[in-house]
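Novice: Fold the following and give me the result.
(chains A and B)
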Amino acid sequence: MYGSIRGFTMRDLPVALGRLLRRQPLGAAGGLIVLALILVALLAPRLAPHGPKDAAFAPYLPPSAEFPMGTDQVGRDVMSRVIWGARLSLYVGLVSVVFGITAGSLWGAVTAYLGGAADTGSQRVVDAVMALPPIILALALMAALGQSVNNVILALVVLLTPTAARTIRSVALGVVASPYMEAARAVGASRWRIICRHLIPNCLAAYIVLVTTNVSYAIVVEASLSFIGAGAPPDEPSWGGMLTAGIQALETAPWMVFFPGLTISLAVFGLNLFGDSIRDVTDPRLRGGLG
Amino acid sequence: MTTKARRILAALALLTALAVPGVEAQDKPRPGGILTWFDYGDPGRLDVHAESPLVVQQATAGVYSGVLHYDPDDPSKIAGDLAERWTVSPDGKTYTFYLRKGVKWHDGQPFSSADVKASFDRILNPEFQSPKCGASLKPMVAGVEVIDANIVQFKLKFPAAPFLPSLASAWCRVAAKHILAKYGDLNQPEAQIGTGPFKFKKYERGSVIEWEKNPNYFIPGLPYLDGVKQFILVGGPTQLAAAKASKIMLWDAWPPMRKTQADELARARQDVDIYQASINTIFLVYLNSQKPPFNNPDLRRAVNLAIDRQELVAKALEGAGVPCAILDPKLSGDLALPLDEVNKVPGCRQPKDGDIAEAKKLVEKHYPSGVDIEVAVRSVGNYVDRAQLVIAQLRKIGIRGTLKTHESAAGYAAWGKGDFTMIATQDRAMDVNDASGVFHIAYTTEGGSNYGRMADPKVDELAERALKESNRDKRRQAYWELQRYIFSRGDTPTIAVAWVEGWFFTDKKLRNYKPGLTTYDNNTFMKVWLSQ
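Specialist: Numbers count the residues shown, from 1 in each chain, chains lettered A, B, ... in the order given. Presented below is the predicted three-dimensional model:
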């Protein structure tokens, strides 16, 4: 039913996942890391030995059997904060990406279909927003909105939306020019029926790739904002915020930097591997090369 | 040990270090060179009469002179600065100051007693908010009169022992009458026209403040330095990195280094003398008594009970502090309530279990499912860490805090307007080394840093009685009564957590630097020189 400019349909998804496991072992490893991350985030209350904000222990205790990742400057268990940090990072990453990429994708698809002044005008808006350095834009937004987790998400949505609009528009332009779209118009399908039933579903593969590749970007931006003190409030267990605290005692308590830093790297590594594989599997140019 | 003794011991330790063979301690002062140190934040406004942050004092210290000051050669003594000498009337209520002749302002205008009157009329004006000099002098001084161009009189409301120490404070600076008339205030860099050893040269917001030598300083031959450069360094890691990289020669102001930082510096640099000292500064928590939920005395009582001062000293100050005390015996001697007694009062006694249970009941009485509050803090020093500890302690009694951080100057603006529910931590340095300081800063209705809007006529009355009392025994009794009363109330919006101590350093090539009795004093560097 659905055609595709790149020859990929939603019906191909299970096959693509199977191909991913067989032919993209790195992607599968990334998927496992992502799965582990999701499980840690979901099970944080059960997995964390202590509350993430319980300053109930001596500060700067080195890693030991009791505190495998040591304690921080106010006597909190670093491992518990790293575990709870997974929840915060994933929450920020997923929510911002789902909202930002979805909004941007709809924007890009609809304006591509409408064309004309609507398309040109919206692309100039995208140009204007994308001309601003992302981290500066995020900092300005955080300064205006104030420090909170939800405001970090809002800032990320503002960053992600134009990128998604630009990318999905380019896919949608191809879809709009395809023969089946012309056929739909010829049989008298309404504009919104065409957009909802034909255009958007055929942009879905690109949308999935955008989501998977941008979760890691969102996590890094959140960590960066928290690292420079403009992200989540300091008492929230944010990996970036933990790095900031750790920098203050780098010589005394290197574990305060090492474990959150390692976790950020691992999470981003896993998400990138997974996202790249999804892209490869859904892109016929790369898929062909994989035989 | 009093602060005087402690500071003198620190100074002696430095002198001893300088006296070891091979170190030229007694050699002739060497002119030239630029001293480098740092401000913990950007002052923003520079009006020394109207502001209270240390960074304002640091930014302008060498630019101005006072009528009196603490002797740079012996910071425990009061000496004339613009005043050559002074006399006191037999009733102790009139002080006559004989001013130096031939003193010029940095713009070349002549200095006279009219400038002194203009400055103190401004500071003492009831409509003018002067949180440091004004807060300490207003209760004592009735007015200032010009006798002639070089003689000025201060009329006191009553004979007051703290008058001279207050007048010598680095906050009681004399500004030029013509500059006040021209600019209206002293906030802008161009208004920084003083009679001090250095001229205000440059202020790059967020970056650096520079002074240059005043070649026409009224003491011939001084200052020795060509200038002073203060880097604006925000945050402990930046400050420590600058110290380790030898970018700064001195760390003798707030925030003190913590032990771990001092150890790290000692490993990085062998050309510094590191010492531990008090900085005459109290760590306070403020509750806004004008806003819910802390307009309810039960909620204030609950917080007073729940704050674990000992834990805050152990963790946030790495053990360097005196928990619970409203007056520190090390600084105020026998005027301070004995620590044995202090450590038994509700909120201070250990273990905390009973106090926490009682606090929890008080919160549950009004908020059965707990209460959410915004906990504000300036993001300077290690305030954010301290705030997280305070929030963790309050969570045990059902008060759930959300941390809100402010840039330094923005925080002070919010505190002044009462735009907060709770300030998790705010250090207040004493501007005078006198027991009266803390009460007139934080506890009396007109206190310069009474951010919690405490208004208790009995506290005001007891503070004034203690201030007026010249008999030492009676003064001690008055201060003990005042401290006991504040503790017995149990619901004060100003909560004394601890007197702060910490670690500091001076570069070994820095000579003749003597730490002041307060963190504000003796920062003019008029007699400091560099050995290389």
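Novice: so which helix or strand takes in the spatially most central residue of chain A?
Specialist: For chain A, the residue sitting closest to the mean C-alpha position, by C-alpha atoms, centre = their mean, is A:Val215 at 1.2 Å. Element membership for A:Val215, per DSSP states H and E: helix A:200-227.
Novice: wait, is B:Ile147 part of a helix?
Specialist: No: assigned with DSSP: H, G, I helix; E, B strand; the rest coil, B:Ile147 falls outside any helix and is strand.
Novice: Which residue does the stretch 1-150 of chain B have closest to chain A?
Specialist: B:Gly41 (13.5 Å; C-beta to the nearest C-beta). Using the backbone N, CA and C atoms, a C-beta is placed for each residue, glycine as well.
Novice: Based on its surroundings, how many neighbours for that residue?
Specialist: The tally of other residues near B:Gly41 (other C-beta atoms under 10 Å in any protein chain shown) stands at 24.
Novice: any idea how far B:Pro223 is from it?
Specialist: Going from B:Gly41 to B:Pro223 by C-beta to C-beta, to the nearest Å gives 25 Å.
Novice: if we can go back for a sec, pretty sure the residue nearest to the centre of chain A contacts A:Val98?
Specialist: No: A:Val215 is not in contact with A:Val98 according to C-beta atoms under 8 Å; the separation is 9.3 Å.
Novice: which bits of the stretch 1-150 of chain A sit near chain B?
Specialist: Residues of the stretch 1-150 of chain A found near chain B (C-beta under 8 Å from any C-beta of the partner chain) are A:53-56, A:59-60, A:73-75, A:146-147.
Novice: Closest to chain B out of those?
Specialist: Nearest to chain B among the residues of the stretch 1-150 of chain A next to chain B, with distances taken as C-beta to the nearest C-beta, is A:Ala55, at 4.2 Å.
Novice: check contacts around the closest one.
Specialist: Counting by C-beta atoms under 8 Å, 6 or more residues apart in numbering or on different chains, A:Ala55 makes contact with A:74-76, B:315, B:388-389, B:392.
Novice: Wait, a helix at it?
Specialist: No: using three-state DSSP, the assignment for A:Ala55 is coil, not a helix.
Novice: Now it. Its backbone dihedrals?
Specialist: Main-chain dihedrals, A:Ala55, degrees, to the nearest 10: phi -90, psi 60.
Novice: now swap in B:Ala262 and tell me
Specialist: phi -60, psi -40.
Novice: Look up how far chain A lies from it.
Specialist: Distance of B:Ala262 to chain A, given as C-beta to the nearest C-beta, to the nearest Å: 11 Å.
Novice: For burial, what's the neighbour tally of that residue?
Specialist: 24.
Novice: List the contacts of it.
Specialist: B:274, B:276, B:503, B:505.
Novice: Least confident of those residues?
Specialist: Least confident entry in the contacts of B:Ala262, by pLDDT: B:Gln276, with 91.
Novice: a strand runs through that one, doesn't it?
Specialist: Yes: assessed by three-state DSSP, B:Gln276 belongs to a strand.
Novice: Now do the same contact list for it.
Specialist: Counted by C-beta under 8 Å, 6+ apart, B:Gln276 has contacts B:262, B:320, B:501-504.
Novice: circling back: please report the distance of the residue nearest to the centre of chain A from chain B.
Specialist: 26 Å.
Novice: so where does the residue nearest to that residue when sequence neighbours are not counted fall, helix or strand?
Specialist: Distances taken as C-beta to C-beta, 6 or more residues apart in numbering or on different chains place A:Gly93 nearest to A:Val215, at 4.4 Å, with adjacent residues excluded. For A:Gly93, the host element (DSSP H and E) is helix A:78-114.
Novice: which helices and strands does the helix or strand following that helix pack with?
Specialist: Downstream of helix A:78-114, the next assigned helix or strand under DSSP H and E is helix A:116-131. Judged by 3 or more C-beta pairs under 8 Å, 6 or more residues apart in numbering or on different chains; DSSP states H and E, helix A:116-131 is in contact with helix A:78-114, helix A:149-176.
Novice: Turn the ones you listed into TSV, including mean neighbour count.
Specialist: Below are these laid out as TSV (neighbours: other C-beta atoms under 10 Å in any protein chain shown):
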stretch	mean neighbour count
helix A:78-114	23
helix A:149-176	22
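Novice: okay, those helices in JSON lines with mean pLDDT next?
Specialist: Output for the helices and strands packed on helix A:116-131, formatted as JSON lines (pLDDT from 0 to 100):
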{"stretch": "helix A:78-114", "mean pLDDT": "93"}
{"stretch": "helix A:149-176", "mean pLDDT": "91"}
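Novice: Spell out the secondary structure type for B:Gln153.
Specialist: B:Gln153 ends up strand, using three-state DSSP.
Novice: wait, it sits on B:Tyr95?
Specialist: Yes: taking C-beta under 8 Å as the definition, B:Gln153 is a contact partner of B:Tyr95 at 6.8 Å.
Novice: Near chain A, which residues of the stretch 351-500 of chain B are found?
Specialist: B:379, B:382, B:384-385, B:387-389, B:391-392, B:395, B:402-405.
Novice: hang on, the earlier thing: how deep is the nearest residue to the residue of the stretch 1-150 of chain B closest to chain A once chain neighbours are set aside tucked in, by neighbour count?
Specialist: Leaving aside its chain neighbours, B:Gly41 sits nearest to B:Ser408 (3.6 Å; criterion: C-beta to C-beta, 6+ apart). For B:Ser408, the neighbour count with other C-beta under 10 Å is 21.
Novice: Next, work out how far apart B:Ser408 and B:Glu51 are.
Specialist: For B:Ser408, the distance to B:Glu51 - C-beta to C-beta - is 11 Å.
Novice: check contacts around residue 176.
Specialist: No chain in the question, so chain A it is. A:112-113, A:115, A:199.
Novice: wrong chain, I was asking about chain B
Specialist: Contacts of B:Ala176 by C-beta under 8 Å, 6+ apart are B:105, B:107, B:109, B:111, B:115, B:118, B:193-194.
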